[in-house]
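Q: With the sequence up front, the predicted model follows.
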Amino acid sequence: MATKTYPPSSPLLRLNDAGLPIVDGLTEDEIKEGFCLFFTNKHAEAEEFFNAHKEKVLLFAMGKAAILWLWALLSQEDNDIERAIEQSQETGEFAQRLLRELRPRKWFSASSALDNDSIHCEVILAQCTLLTATLQVLSGKLIHKVKAGVNIKSVVGKYAQLEKETFSEEGSWVKQQTLGMIQFGVGVFNLVTSVLPPHIRKIASIFGFPTDRAKGLRFLRESFLTDGIVSPLAGLALLIHHTALQSGYNEWNHKYKKDAQEIFDIADQRYPNSGLFHMSRGRFLRLCRKLQGANNSFNIAIKVQQQWKPLVDMAVYENAFLFMCLGKYDKSVQLWQSLYDTNDWSKIFYAYMGACCFLAGGKEKQALELYEKIKSHEIRQLHGRQLPVDRFATRKVNQYVQDGKITLVVPHLEVMFVWAAFLHMPKKHLEISKEQILAAKRQQRDQLNHEQSAVLNLLLGSVEFQLGNFNNADTFLSRIIIDRKHIKHEVWTIPYAHYELANLYRKIDKEFSEEAKRHLGKAYHRSQHNFDTRLHFRVNLLQYQEKHADELELGEFALDPISRTTSEDVIEDAPSHTTSNLKEKKFNGITGEEKEEDEEEVEEDEEDEEEHEFHDACSDDNEAKQHNNTQLNSGLEDNTTDEEDKDSVADWFVGTEAKRTCL
């Protein structure tokens, strides 16, 4: 097959046929290797590589802007954000100067014909504007948010123009690197806007924003496969969708599991031992119920990314939840304590989680001390808004920890439920969680009020659902709906119960039945739980996937046998049921009058309930990404059995005063 030839590049850019710059003293392979340094844990070397030529080579300046942007995005430090914005703006000005020379304006004649060099400059200018806009949104200042909106609107139009010019018949002259950057930009815009709430998505469409998720995923995959300079970013963007944005894998989204595995297979070859990809792999394995494998991946991410404290903290955070899923509360406490001592993201949440683990391990005195400590902390403001996790923990402690008494019921399982941990637990640990909930019901049978009963019924219904006990799940979840008028404080359990019932009926009927849709619609409800955004995001994701299943090609992989061999403890499907059978059994122990009254209330609710707007559609799992950049010393030890020494994590957990000295 003949090699494709391109018109010669301008001396201003000196791009070869692959679209890479020709740099004196560097071979093409050395340039490719340099662009991968950041993604193979060599952050300082990557910055030095780009610094050497960023003043004269546009693509090197773009590379420097991209790594500073990614660093700032994870660290959330003001200094990092300002530094990244400055580099992005400088690179954009560089691209603008070159573009003026390549395509000078002419007053009485048409502009110069399009070529790869001018498109190359335009797409880099668009990317710099986009990077600047995203960081301006994080700054928290109103004027910066306004500027961000203007910048994003201009970038949308630019990418639309680039897409039209590039993918036409006349655009065959666009080189691989330039094409990959355009695919990345178009893909990111479509993917991000497609996960917004439906009403916001409609408004975005009116203003010309693209909202095609299938197209976004397709373009990002093509950008990743080109093995260009933005390929690792495209791969990570896809993995965020395939892992972080999914609560779990099932027969309806199994395609994303296969797509994620494809990315990992390629990334292992291109970016060996990458801490960023190990983090994504850990989340992937967690969704596959391979918790020990996930723990191993997070441990590797910690060991290879010691230069990058935000990533280390993210891995410690993930491991703390994994140990809770495995019932290793002593080890989880140590991790929450380390985050409390060395990280400023949310002292309240870290203390709350540590107290929950103490309580789950039977250490009520230590739990009480931590709960009381929460009352002395102020709710943190981040980018002009109170942290939802701080509001949640403060409310729970003020309400259920009084006069030296703790009346919380299995609070560790409550948080794990909201974080969708039941979908990740192997069968053995789901059974243990079930016993903990039943024990709480037995111990406080006479003292339980409607609030506590609602929480326990929700948790028990969710666990029974994951264990395949569909009749039991339906009974417990339906009880919350029936008792909803008596629930005054834990009203968050009502929309979550509707969401669980929607998934339950969808599982039983093997389709999105009208009953499932009705419950899913009722999951939109603002409560006092402070994690409504998590639920609303999952509802949006489910509704979009159902509506656009054919475009997303989800049905083709629904019965793939791989889905039954990925968990450490396989949970077999329960005997077949139908929603009609369940409806005959779901009111066991409930009088006919109660059932009739409930059905009337449901009809009233359908007429009176109005849709509420929610904030931060992409917040699922984002709390873990907002940790500040402070020093943590070393990695976790792998944990493979339940009988291991409780102090095995102490290898890296040094004293609080020593860490503060390092700071």
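A: Looks like it arrived, so ask away. This one's a predicted model, so the numbers in the text were calculated from it and none came from an experiment.

Q: Which parts of the stretch 351-500 of the chain are strands?
A: Assigned by DSSP state E, counting those that start in this stretch, the stretch 351-500 of the chain shows strands spanning 381-382, 385-386, 401-402, 405-406.

Q: Looking at the ones you listed, which one is packed in the most?
A: Per residue and on average, the most neighbours among those fall to strand 401-402, with a mean of 16 (mean count of other C-beta atoms under 10 Å). In this view, the C-beta of every residue, glycine as well, is placed from N, C-alpha and C.

Q: helices and strands around that strand, which ones?
A: For strand 401-402, the contact count by 3 or more C-beta pairs under 8 Å, 6 or more residues apart in numbering; DSSP states H and E identifies helix 364-374 as packing neighbours.

Q: picking that back up, closest to residue 10 out of the strands of the stretch 351-500 of the chain?
A: strand 381-382 (45.1 Å; C-beta to C-beta).

Q: what is the mean pLDDT for the closest one?
A: Rounded to a whole number, the mean pLDDT of strand 381-382 is 75.

Q: Let me see the ranges of the strands in the stretch 201-350 of the chain.
A: In the stretch 201-350 of the chain, no strands are found when defined by DSSP E, counting those that start in this stretch.

Q: quick revisit: could you export the strands of the stretch 351-500 of the chain as a markdown table, including distance to residue 215?
A: A markdown table is the format used below for these (distance: least, C-beta to C-beta, whole Å):
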| stretch | distance to residue 215 |
| --- | --- |
| strand 381-382 | 33 |
| strand 385-386 | 32 |
| strand 401-402 | 50 |
| strand 405-406 | 51 |
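
Q: and of the ones you listed, who's closest to residue 193?
A: Counting by C-beta to C-beta, residue 193 lies closest to strand 385-386 out of the strands of the stretch 351-500 of the chain; the figure is 21.4 Å.

Q: Can you list the strands that that closest one pairs with?
A: strand 381-382 (antiparallel) (DSSP bridges).

Q: Tally up the residues packed near residue 396, please.
A: Residues lying near residue 396 (other C-beta atoms under 10 Å) number 22.

Q: start at 740 instead
A: Fine by me, first position is 740 from now on; the one you just mentioned is residue 1135.

Q: distance of it from residue 1272?
A: When C-beta to C-beta, to the nearest Å is applied, the distance between residue 1135 and residue 1272 equals 18 Å.

Q: and if you look at residue 991?
A: Remark: distance between residue 991 and residue 1272 (C-beta to C-beta) = 22 Å.

Q: mind checking how far the spatially most central residue of the chain is from residue 1238?
A: The centroid of the chain falls nearest to residue 983 when counting by C-alpha atoms, centre = their mean (3.5 Å). In this structure, residue 983 and residue 1238 are separated by 19 Å, where distance is defined by C-beta to C-beta.

Q: just the helices in the stretch 790-939 of the chain please.
A: 797-814, 817-841, 855-877, 881-905, 915-933, 937-945 (DSSP state H, counting those that start in this stretch).

Q: Relative to residue 1216, which of those is closest?
A: Residue 1216 lies closest to helix 937-945 among these, at 24.8 Å (C-beta to C-beta).

Q: re earlier: wait, doesn't the residue nearest to the centre of the chain sit right on residue 1023?
A: No - using C-beta atoms under 8 Å, residue 983 is not in contact with residue 1023, being 9.6 Å away.

Q: among the strands of the stretch 1090-1239 of the chain, where is the model least confident on average?
A: If those are sorted by mean pLDDT, strand 1120-1121 sits at the bottom with a mean of 75.
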